[in-house]
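Provided below are the primary sequence and the corresponding predicted coordinates.
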Amino acid sequence: LLLGCELTASTKSYTFQVDEEDDSDHILALSVVCLTDGAKDECNVVEVVGRNHENQEIAVPVANLKLSCQPLLSLDNFKLQPPVTFRLAAGSGPVHLAGWHRIMHREDASFEEDDDMSEEDEEELPPIMPAKK
């Protein structure tokens with residue numbers, strides 16, 4: 001599924017969340033952040049706001065765009081775990097974010113690892129040798 005949103009002076013944030021009762025794993029990947037028509041030549045800082053393993057909010061800047069020197073940034077499918085909020089921390093935009101959303105169903109057999117490997121299938125690693133001086 002494709003994702004797209006726009007951050008502006010009037011809409012400073014966008015939150016992507018999934019249904020908590022959904023029994024699937026979700027991956028959100030951010031591909032491109034770019035200034036769009038009507039942007040001023042000012043610094044536009046886009047932050048990703050999420051939660052760490054202790055459930056504390058963390059805000060990380062992922063893009064600093066300026067029309068005259070860097071109007072577009074490719075994030076090479078920067079993967080995130082929903083829920084996540086995109087926030088325009090500085091500037092007035094408009095900034096367009098594009099990416100994709102993948103749903104992995106847990107009952108899918110390809111998602112589970114095969115723990116039934118026999119000893120024959122296991123590959124032996126050579127011993128670690130000390131470095132030569």
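Arrived safely.

For stretch 81-98, buried residues please.
For stretch 81-98, burial by neighbour count (16 or more other Cβ atoms under 10 Å) applies to 84-89, 91-97. Every C-beta, even on glycine, is put in place using the N, C-alpha and C of the backbone.

Widest-spaced pair of these?
Within the buried residues of stretch 81-98, V84 and S92 form the most distant pair, 22.3 Å apart (Cβ to Cβ).

roughly how far apart are D41 and I58?
30 Å (Cβ to Cβ, to the nearest Å).

nope, T85 is what I meant
11 Å.

what's the overlap in contacts for those two?
49-50 (Cβ atoms under 8 Å, 6 or more residues apart in numbering).

quick one: which helix or strand includes G4?
strand 2-7 (DSSP states H and E).

so how many other residues sit close to the residue nearest to D41 when sequence neighbours are not counted?
With Cβ to Cβ, 6 or more residues apart in numbering as the criterion, D41 has its nearest non-adjacent residue at 4.4 Å, and that residue is L67. Neighbours of L67 under the rule other Cβ atoms under 10 Å: 14.

Test for you: state the pLDDT assigned to L67.
At L67, the predicted lDDT confidence score is 94.

quick one, what contacts it?
So L67 contacts 35, 39-42 (Cβ under 8 Å, 6+ apart).
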